[in-house]
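>>> missing the sequence, but the structure's below:
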């Protein structure tokens, strides 16, 4: 395949690199804040919920790195699109199991040892929706304008997976 004729604008490169970096940095940062600074107990429920949260952040970072690689060319499809497609199918099963475990823990012993874990698991579900289905995060003025004018839209990853899947099906 030929190289791309149009170079990636530096702001796009910076934005994608920043998104990937922030997702990865958030894993140890959030662990340090919640379990270190705030002192949440490292119970099975809290750790299970946090693990789901961390998993989705790592998947998000992987997506933004793959997107940057795709835009740099010469590949046309999102690198590792099959891995992301598998994650789109597997995540709901893993997230449902995590919600069941943390939810059961909250019912059995509500408090600081369980509620945060359920919260982390719920946030992981929102991250899955944000990455694999509908864009929930709107952190730029362009995102906010589009949200006000047309509402929610399919996420970037969902659109990339649809394009790759349609080219490779059959």
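That came through, no problem. Since we're looking at a predicted model, the values are computed, not measured.
>>> Quick check, pLDDT for residue 30.
Looking at residue 30, its pLDDT stands at 98.
>>> Contacts for whatever helix or strand it lives in next, please.
Counting by DSSP states H and E, the element that carries residue 30 is helix 10-31. Outside of helix 10-31, the residues within contact range by CB atoms under 8 Å, 6 or more residues apart in numbering are 50, 53-54, 57-58, 60-62, 64-65, 67-68, 71. Quick note: C-beta positions are derived from backbone N, CA and C, even for glycine.
>>> Could you list the buried residues of that helix?
Taking 16 or more other CB atoms under 10 Å as the basis for neighbour counts, the residues of helix 10-31 that come out buried are 16, 19-20, 23-24, 26-27, 30-31.
>>> Now do whichever helix or strand comes after it and helix 10-31, the angle between them.
Scanning forward in sequence from helix 10-31 by DSSP H and E, the next helix or strand is helix 44-72. Using axes from the mean of the first three to the mean of the last three CA atoms, to 10 degrees, the inter-axis angle of helix 44-72 relative to helix 10-31 is 170 degrees.
>>> On the C-terminal side of helix 44-72, identify the next helix or strand.
If you walk from helix 44-72 toward the C-terminus, the next helix or strand you reach (DSSP H and E) is helix 81-108.
>>> I'd like the average pLDDT over that next one.
Across helix 81-108, pLDDT averages out at 98.
>>> Now do it: distance to the chain's middle.
A distance of 13 Å separates the centroid of the chain from that of helix 81-108, by CA atoms, centre = their mean, to the nearest Å.
>>> Listing request: residues of this protein with sub-threshold pLDDT.
1-6, 138-145, 147-148, 167-170 (pLDDT under 70).
>>> in it, which residue is closest to the centre?
Relative to the mean C-alpha position of the chain, the nearest C-alpha, by CA atoms, centre = their mean, is the one of residue 60, at 3.6 Å.
>>> excluding its backbone neighbours, what's nearest that one?
In this structure, residue 60 finds its nearest non-sequential neighbour in residue 23, 4.5 Å apart by CB to CB, 6 or more residues apart in numbering.
>>> filter the contacts of helix 10-31 to the buried ones?
Among those, those buried by neighbour count (16+ other CB under 10 Å) are 50, 53-54, 57, 60-62, 64-65, 67-68, 71.
>>> could I get those as TSV with distance to residue 114?
As requested, these are exported to TSV (distance: CB to CB, whole Å):
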residue	distance to residue 114
50	12
53	15
54	18
57	22
60	26
61	28
62	30
64	32
65	34
67	36
68	38
71	42
